[in-house]
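[1] model this:
(one chain, ligands or ions: 1)
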Amino acid sequence: MDKVVLAFSGGLDTTVCVRLLEENYNLEVVTVCVDVGQPKEEVKKAEEAAKQLNVKKHYTIDGKDEFANDYISKGIKANAVYEGYPLSTAIARPLIAMKTIEIAEKEEASAIAHGCTGKGNDQFRFEAVIRSMSDFDIIAPIRELNLTRTEEIDYAKKHKIPLSPDKMYSIDENIWGRSIEGSILEDPANEPPEEIYQWTASPRNANENPEKVVVEFEEGIPVAINGKLMPLLDLITVANEIAGKNGVGRIDTIENRMIGLKSREIYEVPGAILLIKAHQALEELVLTKDELLFAEFMSTKYADLVYSALWHEPLREDMDQAIDYMQRRVCGKVVMKLFKGSIIPLSRKSNYSLHDIEQISFEDKENDQKEVEGMIKYHGLQANIYQKLNR
Ligand code: ARG
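    Now for the predicted structure:
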């Protein structure tokens with residue numbers, strides 16, 4: 001019997017996929033769950049589900065440090081935010097796909113399967129990586145059989161597939177964020193119920209007093225929080241906790257998906273918002289106006305590539321080089337103030353600061369103010385000539 005390796009989360013889609021691959025495709029199933037910082041219980045649940053489903057073999061791969069150091073760090077340096085969404089799901093998919101390929105090679109499988117539906121972006125993300133980085137056949141049972149969520153639940157019941165009770169929403173979680181979709185959230189007219197949020201306090205119940213957080217950056221990467229040096233993975237965990245309890249990081253948006261559909265998306269991204277906002281606050285201090293403009297342009301393009309399943313597009317690597325070069329000076333300390341859902345920079349300091357306190361001061365006498373007169377005369381010269389003609 002041919003073997004297939006399935007990227008497995010233990011959620012509804014991938015659980016149903018196991019049986020479908022066995023029964024409809026006549027394949028032996030090996031499951032892979034890549035730990036990218038989803039709750040530990042989820043990783044456990046995937047292991048247990050695999051056991052209960054009697055799969056041939058189940059792998060749990062710890063990808064957390066690699067995710068933080070090789071993916072999220074790039075996302076921070078690039079301020080990778082798509083339509084207001086700090087790319088959490090999107091930036092984890094390439095790593096999950098790469099790890100699944102590794103297992104498929106090791107297992108000498110004939111194909112790789114994923115549980116994505118035919119509506120979302122994740123199908124593009126998995127398949128782009130699998131196609132670019134391997135020669136495996138790809139199977140997408142949910143999409144190929146055009147199954148609805150209700151049909152999946154019926155199928156699971158009929159085949160006595162154990163389901164965890166909370167199957168109302170489709171949730172994707174990793175260390176960089178949590179996305180909640182489906183059910184009543186599908187209609188943008190519906191207000192999201194408070195129960196969907198798990199990482200962030202509602203501003204009403206958030207800390208009563210503002211909290212200051214000090215983030216220190218080294219070449220664009222956060223290296224310390226509140227004075228404590230720590231690996232990026234740990235730092236993100238701390239950032240999630242602090243921002244979450246202050247109600248920072250809830251996003252409710254209408255997103256433009258790759259296939260053209262508009263979809264209502266809800267995210268909890270407390271740590272990502274804290275770290276990216278702090279990063280931008282520091283960039284404002286150390287980069288020139290032109291660098292900032294160009295960085296913003298790259299940022300938009302970067303986020304678009306990552307969102308659109310083009311992690312392996314060479315332009316992403318080209319931009320990483322340019323961004324890394326620019327980020328050499330993004331070193332210093334930022335103090336952010338968090339209070340009931342709001343977040344603002346309070347203080348920024350860097351040895352690379354381009355802000356000249358003496359020249360900007362109203363008390364400065366050394367730079368003769370009169371000297372600027374010549375510059376003013378010529379500023380907007382062409383507009384000046386044009387308007388004279390008009391008059
Ligand atoms: N819309 C987001 C994205 O495309 C999140 C997708 C989350 N996936 C999920 N199965 N809940 O990146």
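
[2] Which positions in the protein make contact with the ligand?
    89-90, 120-122, 170-172, 179, 181, 255, 265 (CB under 6 Å from any ligand atom). C-betas here are computed from N, CA, C, even on glycine.

[3] let's go with 8 Å and repeat that
    Within the chain, the positions adjacent to the ligand are 11, 13, 82, 85, 87-90, 93, 116, 120-122, 125, 170-172, 179-182, 255, 257-258, 263, 265, 267, 307 by CB under 8 Å from any ligand atom.

[4] all helices of the stretch 1-150 of the chain, in order?
    All helices of the stretch 1-150 of the chain, identified by DSSP state H, counting those that start in this stretch, fall at 12-23, 40-52, 64-66, 73-77, 89-106, 122-133, 141-144, 149-158.

[5] could you dump these to TSV with mean pLDDT?
    Formatted as TSV, those follow (pLDDT from 0 to 100):
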stretch	mean pLDDT
helix 12-23	96
helix 40-52	96
helix 64-66	98
helix 73-77	98
helix 89-106	98
helix 122-133	98
helix 141-144	98
helix 149-158	93
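
[6] Dump these to a markdown table, plus mean neighbour count and distance to Asn190.
    A markdown table is the format used below for the helices of the stretch 1-150 of the chain (neighbours: other CB atoms under 10 Å; distance: least, CB to CB, whole Å):
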| stretch | mean neighbour count | distance to Asn190 |
| --- | --- | --- |
| helix 12-23 | 22 | 21 |
| helix 40-52 | 17 | 26 |
| helix 64-66 | 16 | 34 |
| helix 73-77 | 22 | 30 |
| helix 89-106 | 23 | 22 |
| helix 122-133 | 20 | 23 |
| helix 141-144 | 20 | 25 |
| helix 149-158 | 14 | 17 |
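
[7] which residues sit in contact with Glu194?
    Ser202 (CB atoms under 8 Å, 6 or more residues apart in numbering).

[8] if I look at it, how far off is the ligand?
    19 Å (CB to the nearest ligand atom, to the nearest Å).

[9] re the thing from before, filter the residues of the chain next to the ligand to the buried ones?
    Taking 16 or more other CB atoms under 10 Å as the criterion, what is buried in the residues of the chain next to the ligand is 11, 13, 82, 85, 87-90, 93, 116, 120-122, 125, 170-172, 179-181, 255, 263, 265, 267, 307.

[10] In strands, which of these fall?
    82, 85, 170-172, 179-181, 255, 263, 265, 267 (DSSP state E).

[11] which one is Arg329 nearest to, not counting chain neighbours?
    Once flanking residues are discounted, Arg329 sits nearest to Tyr352: 4.0 Å by CB to CB, 6 or more residues apart in numbering.

[12] Contacts only, for the one you found.
    286, 329-332.

[13] Can you read off the backbone torsions of it?
    Per-residue torsions, Tyr352: phi -100, psi 10 (degrees, to the nearest 10).

[14] Can you tell me how far it is from Glu23?
    Distance of Tyr352 to Glu23, computed by CB to CB, to the nearest Å: 61 Å.

[15] what's the answer for Val334, then?
    Per CB to CB, Val334 is found 55 Å from Glu23.

[16] re earlier: rank the ones in strands among the buried ones among the residues of the chain next to the ligand by pLDDT and give me only the lowest.
    For these, the weakest pLDDT value sits at Ser170, with 88.

[17] Contacts only, for that one.
    Applying CB under 8 Å, 6+ apart, we find Ser170 in contact with 11-13, 149, 180-182.

[18] Now do the same for Pro165: its pLDDT.
    66.

[19] Check Val223 too.
    Among the per-residue scores, Val223 holds a pLDDT of 98.

[20] May I have the strands that pair with the helix or strand encompassing it, each with its orientation?
    Taking DSSP states H and E as the criterion, Val223 maps to strand 221-225. Sheet pairing here is set by DSSP bridges, and for strand 221-225 it gives strand 211-218 (antiparallel), strand 228-229 (antiparallel).

[21] Among the contacts of Tyr352, which ones are in helices?
    Counting by DSSP state H, the contacts of Tyr352 place Val286 in helices.
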